[in-house]
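Peer 1: Sequence first, then the predicted structure:
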Amino acid sequence: MADPCWNTRSPFTRYPIDRVSLFHQLDLFRGALRSAHASSGTNSSTSTDRAEEELDVDGRRIPVIYVRSPRARCYRLTLRPDGSARCTIPVRGSQSGARQFVERCRPWIARRLRSPGGATQPPAAAWQPGSEIWWRGERTRISIEGIPPQVRLGNDSLGMPPTTGEEFEKVLRARMLALSRIELPARLLELALPLGFRPERVSIRNQRSRWGSCSRRGTISLNWRLIQTPVFVRDYILLHELAHLRHLNHSNRFWKEVRRICPDYERAELWIRQLGREVL
């Protein structure tokens with residue numbers, strides 16, 4: 001089963017036309033499981049190389065940005081909120097190969113543009129008291145309660161006084177990140193030990209497009225926003241990453257392991273496809 005997990009699949013090529021080598025680290029990106037590789041030590045190219053052009057898709061001109069990355073091991077195409085497309089060129093790829101890859105992805109871009117909301121979303125409103133955000137799997141209104149006043153989300157007091165203006169969201173996100181650094185590693189180990197998994201290290205990060213990742217050295221990185229998702233989604237992603245400790249790929253054996261340790265994983269995939277974008 002190839003790339004079944006996330007809500008917006010962005011194309012990538014496992015066997016690029018420039019014979020780019022395969023990869024050894026799996027990243028969970030928004031919308032799909034994608035593959036990447038930690039830096040190979042090669043410094044012949046930089047991630048700042050880029051060129052722009054336009055692609056005509058169903059009469060719409062889509063700006064295409066080409067970005068060369070020394071860590072990438074496959075061509076990858078994503079649609080960005082501003083309506084442009086971003087093509088990542090792997091370390092051994094070429095500009096001409098990237099253009100051919102983008103051309104092959106034209107039908108995928110057209111489907112995305114025809115989908116509800118198209119390739120773009122309106123910018124999210126800033127978090128303020130009274131705003132409704134995802135918190136522990138439910139749409140929850142941010143409130144100010146107590147004496148002295150404290151910020152609350154559902155049954156949780158965030159332990160922070162209310163602030164004003166742009167600082168409010170910044171401080172609230174920082175508090176949620178701090179909570180996730182307490183809760184997520186503890187939950188990961190709670191799931192891992194009875195199943196015989198031994199992650200070398202757990203880190204909580206502020207990824208903008210990944211739910212989590214597992215490195216070849218056994219380091220599991222988790223997105224702090226998992227604290228906003230339902231318990232069954234959070235646990236599925238944690239178990240998914242633990243399964244990568246045994247199978248650092250998306251082979252049939254990997255998915256057999258996922259089904260063994262998380263029989264209800266398809267329910268979590270459905271939530272991510274339908275609602276995950278509201279969190280990430």
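Peer 2: It's in. Numbering: from 1, shown residues only.

Peer 1: Return the set of residues that bridge with residue 79.
Peer 2: For residue 79, the beta-bridge partners are residue 85 (DSSP bridges).

Peer 1: wait, it sits on residue 108?
Peer 2: No: counting by C-beta atoms under 8 Å, residue 79 does not reach residue 108; the two are 9.1 Å apart. Yep, even glycine has a C-beta here, placed from its N, CA and C like the rest.

Peer 1: Name the residue in the two with the higher neighbour count.
Peer 2: residue 79 (21 against 15; other C-beta atoms under 10 Å).

Peer 1: separation between residue 174 and residue 180?
Peer 2: Separation of residue 174 from residue 180 (C-beta to C-beta, to the nearest Å) stands at 11 Å.

Peer 1: Hmm, residue 176 is touching residue 158, no?
Peer 2: Yes: using C-beta under 8 Å, residue 176 is in contact with residue 158, at 7.4 Å.

Peer 1: what residues do those two have in common as contacts?
Peer 2: Contact with both residue 176 and residue 158 is made by no residue, according to C-beta atoms under 8 Å, 6 or more residues apart in numbering.

Peer 1: With neighbour numbers in mind, choose between these two.
Peer 2: Each of residue 176 and residue 158 has its neighbours counted (other C-beta under 10 Å); residue 176 has more, 20 against 17.

Peer 1: need the contact list for the nearest residue to the more buried one once chain neighbours are set aside.
Peer 2: For residue 176, ignoring the flanking residues on the chain, the nearest one in space by C-beta to C-beta, 6 or more residues apart in numbering is residue 227 at 6.1 Å. If you count contacts by C-beta under 8 Å, 6+ apart, residue 227 has them with 135, 136, 176, 179, 180, 183, 184, 234.

Peer 1: Do I have it right that the fifth one meets residue 224?
Peer 2: Yes: counting by C-beta under 8 Å, residue 180 sits close enough to residue 224 to count as a contact (3.9 Å).

Peer 1: what touches both of these two?
Peer 2: Common neighbours of residue 180 and residue 224 (C-beta under 8 Å, 6+ apart) are residue 204.

Peer 1: tell me the phi and psi of the nearest residue to residue 214 once chain neighbours are set aside?
Peer 2: Closest residue to residue 214 apart from its sequence neighbours, by C-beta to C-beta, 6+ apart: residue 244 at 3.7 Å. Here is the backbone geometry of residue 244 (degrees, to the nearest 10): phi -70, psi -20.

Peer 1: now residue 217
Peer 2: phi -90, psi 0.

Peer 1: so it touches residue 200, yeah?
Peer 2: Yes: between residue 217 and residue 200 there is a contact under C-beta under 8 Å: 6.1 Å.

Peer 1: Could you pull up phi and psi at residue 271?
Peer 2: phi -60, psi -40.

Peer 1: ok, it to residue 232 distance?
Peer 2: Residue 271 sits 8 Å away from residue 232, going by C-beta to C-beta.

Peer 1: hang on, residue 157 packs against residue 151?
Peer 2: Yes: with contact defined as C-beta under 8 Å, residue 157 counts as touching residue 151 (7.4 Å).
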